[in-house]
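Student: I'll drop the sequence and a predicted model, then ask my questions.
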Amino acid sequence: MVKKKFLLGFSPDIVNEPIVYRLVRDYDLKINILRAEVREVGGRLLMEVEGKASNIKEAARYLNDSKVDVQELVTYVEKNEERCTHCGMCISICPVEALTMDRPAWKVRYDSEKCIACGMCIDACPPGAMKFRI
Amino acid sequence: MKRTVAEINQKIKDGDVVVMTAEEVISYVQSEGVERAAKEVDVVTTGTFGAMCSSGAFLNFGHSEPPIRMQKVTLNDVPAYGGIAAVDAYIGATELKLEDHKGYGGAHVIEELVSGKPVRLKATSDGTDCYPRKDIDTYVSLNTVNQAYLFNPRNAYQNYAAGTNSSDRTLYTYMGKLLPGYGNITYSSAGQLSPLLNDPTLRTIGIGTRIFLGGGVGYVAWEGTQFKTNVETKFGVPMGGARNLATIGDMRGMSPEFVRALNLPGYGVSLALGVGVPIPILDQEVLKATAISDEQLFAPLIDYSTQSRNRKPIKHFSYAELRSGRVELFGKEVRTSSLSSYLKARQIAETLAERIESGEFLLTEPVAPLPADKGVGTLEVRSKEEAV
């Protein structure tokens, strides 16, 4: 089993396609939707996908054929180490503890693997060290 | 055991001074005892790095040709106060950029100046016989201005209340983002490293005390605004905001590592500033006070959803509890966050210790003491007669 994160982009004409349903039924993928939005220019769907590597690959091909823009993501949110003062304001904000205080060094550690792209740390960071990558 | 500042300075010059940070001295006193430690240690250094909204910079730009008496002044479109002499201005840390500020303000201008970056100066004037020019649009930097010094009315608060939020919506405060339903707790003090918690009655700190300010050298200028002494104490230390310092220091010599602009969305802009104060160990009592640890220092917890100056503390937590990352509140585990950087506070205390050991930083005796007994008044809507 493999776990990957994808950002899907939809043009307005395919917003009505039941994409997630097809991914679950036809490719046996476990889907965790992290962000979803529909705007004038189309839709965006940020999700974590778990399944067989071969199924994920085939699913990506299906999405490409359906004119969905597929982008694999490694990091959603980036921490600017020069800007970070290691105050720790973000620590109690992050719902999944991707941001933790390394004691006794008192440095804020960011584990991008745990990040679910909720973005709550971004406007909570006083020196502005946290930024969306997408 | 008694020691004078002059004797300590002689030891600094001779290269025999013994300096410890307020963190190191805790375990030293635990292992050696107060008496022995007081004999050994000459100076204890402290440090804090947190949001200090009441900060700002005086600048003198030099005269243009022909000269202008600047009335309206902006720096990178952030208004500065020009109601003093012709080319003097004061830029406050929390002043916001005109139009759409996008979280940019005076603190950012100050950080950029300290970083050596150019800043756009625009000024207008009515024009006078002695100052005929009516406007100017140019760039200035720390290299071009005559004077640039921080003059901060309120820095290095002795202690500060922690914040939480009982309401059902997220609050955006100067204590950061407070999540609904007591979703988190934020606090802001370096605790056992914090300058005024290590000399709680200000026996050694007064007007003229030389300090570490923003990475450079500064001085205690005056009592800070809202300075008060009538605060409940535990282990001899106030359990809430009490004393604080007005500080002054040349921006040349400061570093963006210790002068950092902050944006607290929904509240505004502030300046994180590094302040470190050396404490001369004049006797055993002074030493004993510096050995206080986070377990013995307490902050009140305030509910920021109560929009009144009369908020009563929900309870008190020790800094050891707050710093652990989790505390229990109403039977529920609540995560904590610090707004001030303990890492930077430690770096400040260590840097100050190194500067003293190397002989480049000598200690001072206060020129005058700060108030020993003082309260804080409130602002009421009152008549002219009632104000007298």
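Tutor: That came through fine.
Student: Provide the secondary structure category for residue A:63.
Tutor: Using DSSP: H, G, I helix; E, B strand; the rest coil, the structure places residue A:63 in helix.
Student: what sits against it?
Tutor: Residue A:63 sits next to A:8, A:19, A:70 when contact means C-beta atoms under 8 Å, 6 or more residues apart in numbering or on different chains. C-beta coordinates here come from the backbone N, C-alpha and C atoms, glycine included.
Student: can we see that at 10 Å?
Tutor: A:6, A:8, A:10, A:17, A:19, A:22, A:23, A:27, A:69, A:70 (C-beta atoms under 10 Å, 6 or more residues apart in numbering or on different chains).
Student: Serialize these to TSV and add fields for pLDDT.
Tutor: Output for the contacts of residue A:63, formatted as TSV (pLDDT from 0 to 100):
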residue	pLDDT
A:6	89
A:8	90
A:10	87
A:17	79
A:19	87
A:22	91
A:23	93
A:27	95
A:69	91
A:70	91
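Student: Can you flag the buried ones in those?
Tutor: Buried members of these, scored by 16 or more other C-beta atoms under 10 Å in any protein chain shown, are A:6, A:8, A:10, A:19, A:23, A:27.
Student: residues from the stretch 251-388 of chain B in reach of chain A?
Tutor: Within the stretch 251-388 of chain B, the positions near chain A by C-beta under 10 Å from any C-beta of the partner chain are B:256-258, B:260-267, B:269-270, B:272, B:274, B:323-326, B:334-347.
Student: One more pass at 7 Å, please.
Tutor: Proximity of the stretch 251-388 of chain B to chain A is confined to B:260, B:262-265, B:272, B:325, B:335-344, B:346 under the rule C-beta under 7 Å from any C-beta of the partner chain.
Student: Quick check on these: which are buried?
Tutor: B:260, B:262-264, B:272, B:325, B:335-344, B:346.
Student: if you look at the residues you listed, which of them are in strands?
Tutor: Counting by DSSP state E, those place B:260, B:262, B:263, B:264, B:272, B:335, B:336, B:337, B:338 in strands.
Student: Contact partners for the second one?
Tutor: Taking C-beta atoms under 7 Å, 6 or more residues apart in numbering or on different chains, we find residue B:262 in contact with A:126, A:127, B:51, B:107, B:269, B:270, B:271, B:272.
Student: what's the helix or strand for residue B:299?
Tutor: Here residue B:299, judged by DSSP states H and E, is contained in strand B:298-303.
Student: Which elements pack onto that strand?
Tutor: With contacts defined as 3 or more C-beta pairs under 7 Å, 6 or more residues apart in numbering or on different chains; DSSP states H and E, strand B:298-303 has these neighbours: strand B:162-164, strand B:316-318.
Student: Make CSV from those strands and add mean neighbour count to it.
Tutor: Shown next, in CSV, are those (neighbours: other C-beta atoms under 10 Å in any protein chain shown):
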stretch, mean neighbour count
strand B:162-164, 26
strand B:316-318, 19
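Student: Turn those into JSON lines, including mean pLDDT and distance to residue B:56.
Tutor: Below are these laid out as JSON lines (pLDDT from 0 to 100; distance: least, C-beta to C-beta, whole Å):
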{"stretch": "strand B:162-164", "mean pLDDT": "98", "distance to residue B:56": "24"}
{"stretch": "strand B:316-318", "mean pLDDT": "98", "distance to residue B:56": "32"}
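Student: among the contacts of residue B:262, which are in helices?
Tutor: Per DSSP state H, helices hold the following members of the contacts of residue B:262: residue B:107.
Student: Tell me the one among the contacts of residue B:262 nearest to residue B:191.
Tutor: Closest approach to residue B:191 among the contacts of residue B:262 (C-beta to C-beta): residue B:51, at 15.8 Å.
Student: wait, what's in contact with the closest one?
Tutor: Contacts for residue B:51 were tallied using C-beta under 7 Å, 6+ apart; they are A:126, B:174, B:188, B:262, B:270, B:272, B:339.
Student: Okay, now the unreliable bits of chain A?
Tutor: Scanning chain A for pLDDT under 70 picks out A:134.
Student: And the strands in it, which stretches?
Tutor: According to DSSP E, the strands that chain A contains are A:2-10, A:30-39, A:42-51, A:69-73, A:77-79, A:99-102, A:107-110, A:130-132.
Student: Torsion angles phi and psi at the spatially most distant residue from the centre of chain B?
Tutor: Distance from the C-alpha centroid of chain B, by C-alpha atoms, centre = their mean, peaks at residue B:129 (42.3 Å). Backbone geometry at residue B:129, expressed as degrees, to the nearest 10, gives phi -60, psi -40.
Student: Residue A:52 - how many residues pack around it?
Tutor: The number of residues packed near residue A:52 is 14, by other C-beta atoms under 10 Å in any protein chain shown.
Student: and it, how far is that from residue A:29?
Tutor: Distance, residue A:52 to residue A:29, by C-beta to C-beta, to the nearest Å: 9 Å.
Student: Ok, residue B:67 next?
Tutor: Taking C-beta to C-beta, one finds residue B:67 at 73 Å from residue A:29.
Student: hang on, isn't residue A:108 packed against residue A:81?
Tutor: No - with contact defined as C-beta atoms under 7 Å, residue A:108 does not count as touching residue A:81 (9.7 Å).
Student: Next, the contact list for residue B:364, please.
Tutor: Residue B:364 touches B:5, B:208, B:209, B:210, counting by C-beta under 7 Å, 6+ apart.
Student: And for residue A:11?
Tutor: So residue A:11 contacts A:42, A:67 (C-beta under 7 Å, 6+ apart).
Student: Quick check on it: phi, psi?
Tutor: phi -80, psi 160.
Student: Show me the chain divided up by domain.
Tutor: The chain I'm using is chain A. Chain A is divided into the following domains under automatic domain parsing: A:2-73, A:76-134.
Student: The intended chain is chain B.
Tutor: B:5-52+B:151-364, B:62-145.
Student: Packed most tightly, which of these would that be?
Tutor: domain B:5-52+B:151-364 (a mean of 21; mean count of other C-beta atoms under 10 Å in any protein chain shown).
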